[in-house]
Structure formats: C-alpha cells, structure tokens
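Colleague: turn this into a structure:
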Amino acid sequence: MDEFNYQVPAEVYASRGRGAAKRPMTFYRFASAAEAIRFVMEKLPVEMLHGTVMEIGETRFIGNDIKRLYGSDEYPLARALTA
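Modeller: Here you go, the predicted structure:
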C-alpha cells in the first residue's frame with residue numbers, strides 16, 4: 001500500500017458478515033485511522049472483520065485491507081499482546 005496516513009479521521013461500518021442488506025450495521029467515527037484500525041482489530045469480534053468497512057473520505061478499506069494496515073511496520077499505535 002502506498003504511504004497511508006494513519007492520522008486522518010476515519011469512519012467504520014461494522015456488520016457480522018458480507019451482504020449487510022440483511023444484517024444491521026453499526027457506525028463508528030474516529031479522530032484517526034489508527035484508532036479506527038485498532039478498534040476493528042482489537043475490539044470487534046473476529047467474525048465481524050469481513051463485514052466491516054473503514055472509510056476515509058471517498059476511499060474504502062474492507063476486512064483484509066484493515067488487517068494489512070494493522071500489521072504494517074508503519075502502524076503508529078501499540079498493538080494488543082497476543083497469547
């Protein structure tokens with residue numbers, strides 16, 4: 001991914017899976033993309049990843065895109081410890 005700005009505001013639309021037309025979505029707004037990514041990866045149940053979209057302006061990032069941004073060396077926040 002080309003230089004991603006983790007400091008810009010982001011919005012997250014979370015659902016339990018693909019095909020959200022039949023499933024309710026929950027909206028979250030974050031001051032930074034880094035905070036939005038951390039929320040998706042550390043707070044949402046793992047089964048929601050593929051039904052989650054992060055929007056920054058007109059650009060959308062889906063589950064695996066968000067996961068890749070979280071795993072990037074450029075990700076600016078401390079990651080949760082894993083067992």
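
Colleague: spatially central residue for the chain, please.
Modeller: Nearest to the mean C-alpha position of the chain, by C-alpha atoms, centre = their mean, lies Ile37 at 3.9 Å.

Colleague: which residues touch that residue?
Modeller: Contact partners of Ile37, counting by C-beta atoms under 8 Å, 6 or more residues apart in numbering, are Tyr6, Ala10, Met54, Ile66, Leu69, Tyr70, Tyr75. Yep, even glycine has a C-beta here, placed from its N, CA and C like the rest.

Colleague: helix or strand for it, which one?
Modeller: In the assignment (DSSP states H and E), Ile37 maps to helix 33-42.

Colleague: in stretch 62-72, which residues are buried?
Modeller: The neighbour-count check on stretch 62-72 (16 or more other C-beta atoms under 10 Å) flags Gly63, Asp65, Ile66, Lys67, Leu69, Tyr70 as buried.

Colleague: so what touches it?
Modeller: The set of residues that contact stretch 62-72 without belonging to it, under C-beta under 8 Å, 6+ apart, is 1, 4, 6, 33, 37-38, 40-41, 49-54, 61, 75, 79.

Colleague: ok, back up a step: from the buried residues of stretch 62-72, which is closest to Arg16?
Modeller: Taking C-beta to C-beta as the measure, Gly63 is the one of the buried residues of stretch 62-72 closest to Arg16, at 12.0 Å.

Colleague: distance of the closest one from Gly51?
Modeller: Using C-beta to C-beta, to the nearest Å, we find Gly63 at a distance of 7 Å from Gly51.

Colleague: what's the answer for Tyr13, then?
Modeller: When C-beta to C-beta is the yardstick, Tyr13 and Gly51 sit 9 Å from each other.

Colleague: ditto for Tyr6
Modeller: As defined by C-beta to C-beta, Tyr6 lies at a distance of 23 Å from Gly51.

Colleague: and for Gly63 and Gly51, which residues touch both?
Modeller: Residues touching both Gly63 and Gly51 (C-beta under 8 Å, 6+ apart): there are none.

Colleague: is it true that Gly51 touches Ser15?
Modeller: Yes: under the criterion of C-beta atoms under 8 Å, Gly51 makes contact with Ser15 at 3.7 Å.
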